[in-house]
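Participant: Here's my sequence, what's the structure:
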Amino acid sequence: MEPVTDLPGRPTSLWQATVQESDYPRLLGHVAVDVAVIGGGLAGVCIATYLKEAGKSVALLEARRIGQGVTGNTTAKITALHGLVYDKLINNFGEDGARTYADANKSALAEIRRRVGDYGIDCDLRTTTAYTYTEDPDEEDAFHAEVEAGRKVGLAIKATNDTPLPFHVAAAVKLEGQAQFHPLNYLLALARRLPGDGSHVFERTRVLSYEPGEPCTVTVDGGQVTATDVVIATNFPIGDKALYSFRMKPMRSYVLSMLVPQGMYGGLESSMLLGTSPGHSVRTQPAEGGTALLLGGEGHVTGEGGDTSERYRRLESWARARFGEHPVEYRWSAHDNQTLDGAPYIGRAGPGMEHLFVATGFDGWGMTHSTVSAMLLRELILGRPNGWSDLYSPTRINVHGLSDLVETGVRSAKHLVMDRLTTGGDDSPAPGGGAVVREGGRMVALYRDENGVLTRHSAVCTHMGCVVSWNDAERSWDCGCHGSRFATSGEVIQGPAIEPLEPLGPESA
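Facilitator: Numbering: from 1, shown residues only. So this is what the prediction gives:
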């Protein structure tokens, strides 16, 4: 496979390119705290922040640098308007459940605003109007239903055909008084307040295992943490002790940041939009030399993207056709997990897991749900009642997700069985390229670096044994079963896998 060299922009997010990298210590040895929080994204940092403020000592554990995972690749919309979610939630949870979802997300938006003001955080927080739109006239009825659902749950969702987009839409809804910000400036400001008084932030600290108990034990690559409670906030729960892999669908999508003259799309600078058909995301961000126009889309199930570089090219073509020939400064991809019934899983990880908690399944709306997770888990860990807990309970039973459960099982079985029957790809990838090949009865992941050195790993995902595929745009090995991702070195990039891909010696060995 030829290496990808013609994609637009630098391969990093606008957020990561415009902050100074954090530098917290690695954990070497043993610490004891009240709560160990695994995962240094916005959810983990918010959860640790709320627990410390409640008087708990916390240890935040991050395998790389905080904010460099999912949070560092978001589009950072802070809103209670999540596409066309409320009509679906009413069908799945009733009006009370859908109203709980709306109230939780409204509360999260208010909390973020309060903290930015109280702490004086410089994160470009701006009030915006959120829109959901479609270019397909056949979807108009769904938009009318969402307005009615908004009325039932107490959200002032309004129908409109007037959006700030420079092209016609068939239907749209909007919710005023929402917000957007620079997510890493916010996250890093919160994280700076964590160390001290018995609390810690540890980076480059990879969790190898965690065991519930009294106390719980978290083993890392440089030591151990003992804690009364453990929270898994790693986007997809690593280790997957409660089998979330059968209850969520991992999704990837792509983003380009174009630099446009300030004021050129004036209405967009106070708006953020999500399309349903086709599925594109639009928002702006102040940038040096103009305005950054963030354009997203081309979503697919992780590991099933095919030629991922082609997805960037299609997104670029759409962006230029709709917004003009502006320079693309950055490109990146986002990773989200969809639950079966439309609500995240936030609470005790599973039956009998009294001291193990989880926050996952945000489906692209992690800015508000990170704060929802912090508020809800604080109350659960402190033993106080919370009216949101039933809706978000990871142990809930909801028959409305059964068809998706069957689909997830079929997709996993396909990768687990059928991928092993493939004849494999090119056994001599070009520099910068990768391929999965069959060697006898073994599936092997081959990667050739820019110097021509070939490395070989088992192509079997260490989570549940599915076969990974090559992601050419991001040079990673992605698992189509449950969304685990691995670097060309075999190291885990994305859970639920904990163990790296098995290294293999030369073919002749």
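
Participant: My read is that residue 330 contacts residue 8, right?
Facilitator: No - using CB atoms under 8 Å, residue 330 makes no contact with residue 8, being 9.1 Å away. Any C-beta I mention is one placed from the backbone N, CA and C, and that applies to glycine too.

Participant: These two: which is more packed in?
Facilitator: residue 330 (23 against 18; other CB atoms under 10 Å).

Participant: ok so, going back, what do residue 330 and residue 8 both touch?
Facilitator: residue 256 (CB atoms under 8 Å, 6 or more residues apart in numbering).

Participant: Of all the residues in the top helix by length along the chain, which ones are buried?
Facilitator: When the chain is parsed with DSSP state H, its longest helix is helix 85-119. Neighbour counts over helix 85-119 (16 or more other CB atoms under 10 Å) mark 85-90, 92-93, 97-109, 111-112, 115-116 as buried.

Participant: roughly how far is it from the heart of the chain?
Facilitator: Counting by CA atoms, centre = their mean, to the nearest Å, helix 85-119 is centred 18 Å from the centre of its parent chain.

Participant: likewise stretch 378-390?
Facilitator: 24 Å.

Participant: what mean pLDDT does it have?
Facilitator: Mean pLDDT, stretch 378-390: 96.

Participant: contacting residues around that stretch?
Facilitator: 35, 47, 50-51, 54, 56, 97, 100, 103-104, 229, 346-348, 357, 372, 375-376, 396.

Participant: Kindly recompute the last result at 7 Å.
Facilitator: The contact list for stretch 378-390, computed with CB atoms under 7 Å, 6 or more residues apart in numbering, reads 35, 50-51, 54, 100, 104, 229, 347, 357, 376.

Participant: so what pLDDT did residue 169 get?
Facilitator: Per-residue confidence (pLDDT) for residue 169: 96.

Participant: Now do it against residue 129, distance only.
Facilitator: According to CB to CB, to the nearest Å, residue 169 and residue 129 sit 14 Å apart.

Participant: now do residue 321
Facilitator: 25 Å.

Participant: Over to residue 497?
Facilitator: 40 Å.

Participant: hmm, which two among the contacts of stretch 378-390 are most spread apart?
Facilitator: The largest separation in the contacts of stretch 378-390, counting by CB to CB, is between 35 and 100 at 24.9 Å.

Participant: Quick one: neighbours of the nearest residue to residue 235 once chain neighbours are set aside, just the number.
Facilitator: Spatial nearest neighbour of residue 235, excluding adjacent residues (CB to CB, 6 or more residues apart in numbering): residue 70 at 4.7 Å. Residue 70 has 22 neighbours, counted by other CB under 10 Å.

Participant: The one 3 residues further on too?
Facilitator: When neighbours are defined as other CB under 10 Å, residue 73 has 24 of them.

Participant: okay, residue 321 and residue 129: which has more neighbours?
Facilitator: Shown here are residue 321 and residue 129; by other CB under 10 Å, residue 129 has more neighbours (20 against 10).

Participant: Would you confirm that the more buried one contacts residue 271?
Facilitator: Yes - here residue 129 reaches residue 271: they are 5.1 Å apart, a contact under CB atoms under 7 Å.

Participant: how many other residues sit next to the closest residue to residue 29 other than its chain neighbours?
Facilitator: Distances taken as CB to CB, 6+ apart place residue 223 nearest to residue 29, at 4.6 Å, with adjacent residues excluded. As a burial measure, residue 223 scores 15 neighbours (other CB under 10 Å).

Participant: which residues pair with residue 223 across the strands?
Facilitator: Residues in a beta bridge with residue 223, per DSSP bridges, are residue 29, residue 220.

Participant: Quick check: the gap between it and residue 213.
Facilitator: 17 Å.

Participant: And residue 461, by the same measure?
Facilitator: Distance of residue 461 to residue 213, given as CB to CB: 28 Å.

Participant: Please compare the two by neighbour count and tell me which comes out ahead.
Facilitator: Just comparing residue 461 and residue 213: by other CB under 10 Å the higher neighbour count belongs to residue 461, 28 against 14.

Participant: who's in contact with the spatially closest residue to that one that is not a sequence neighbour?
Facilitator: Excluding the flanking residues, the one nearest residue 461 by CB to CB, 6+ apart is residue 479, at 4.1 Å. Neighbouring residues of residue 479 by CB under 7 Å, 6+ apart: 303, 461, 463, 466, 468.

Participant: Spatially, which two of those are the most separated?
Facilitator: The distance between the two most remote of the contacts of residue 479 (CB to CB) is 11.6 Å, for 303 and 463.

Participant: between those two, who's got more neighbours?
Facilitator: A side-by-side neighbour count of residue 303 and residue 463, using other CB under 10 Å, places residue 303 first with 26 against 22.

Participant: which SSE is that one in?
Facilitator: Per DSSP states H and E: residue 303 is located in neither a helix nor a strand.

Participant: so what's the backbone phi/psi at the residue nearest to residue 461?
Facilitator: Dihedral pair for residue 479: phi -100, psi 120, per degrees, to the nearest 10.

Participant: Next, work out how far apart it and residue 188 are.
Facilitator: On the measure of CB to CB, residue 479 and residue 188 end up 30 Å apart.

Participant: any idea what sits nearest residue 115, other than its immediate chain neighbours?
Facilitator: That would be residue 121: by CB to CB, 6+ apart, it lies 6.9 Å from residue 115.

Participant: Hmm, residue 187 and that neighbour touching each other?
Facilitator: No - here residue 121 lies out of contact with residue 187, judged by CB under 7 Å, at a distance of 9.8 Å.

Participant: more crowded one of those two?
Facilitator: Counted by other CB under 10 Å, residue 121 and residue 187 do not tie: residue 187 has more neighbours, with 28 against 19.

Participant: Show me the strands in the stretch 201-350 of the chain, by range?
Facilitator: For the stretch 201-350 of the chain, the strands defined by DSSP state E, counting those that start in this stretch occupy 207-211, 216-220, 223-232, 248-260, 271-275, 281-287, 290-301, 328-339, 345-348.

Participant: Can you list the strands that the longest one pairs with?
Facilitator: According to DSSP bridges, the neighbouring strands of strand 248-260, each with its direction, are strand 290-301 (antiparallel), strand 328-339 (antiparallel).

Participant: buried set for it?
Facilitator: 248-260.

Participant: Please spell out which residues along stretch 147-159 are buried.
Facilitator: For stretch 147-159, a neighbour-count test (16+ other CB under 10 Å) marks 147, 149-150, 153, 155, 157 as buried.

Participant: low-scoring pLDDT stretches of the protein, where are they?
Facilitator: Scanning the chain for pLDDT under 70 picks out 1-5, 398-426, 507-509.

Participant: How is it partitioned into domains?
Facilitator: Per automatic domain parsing, the domain ranges recorded for the chain read 20-74+185-244+342-400, 418-504.
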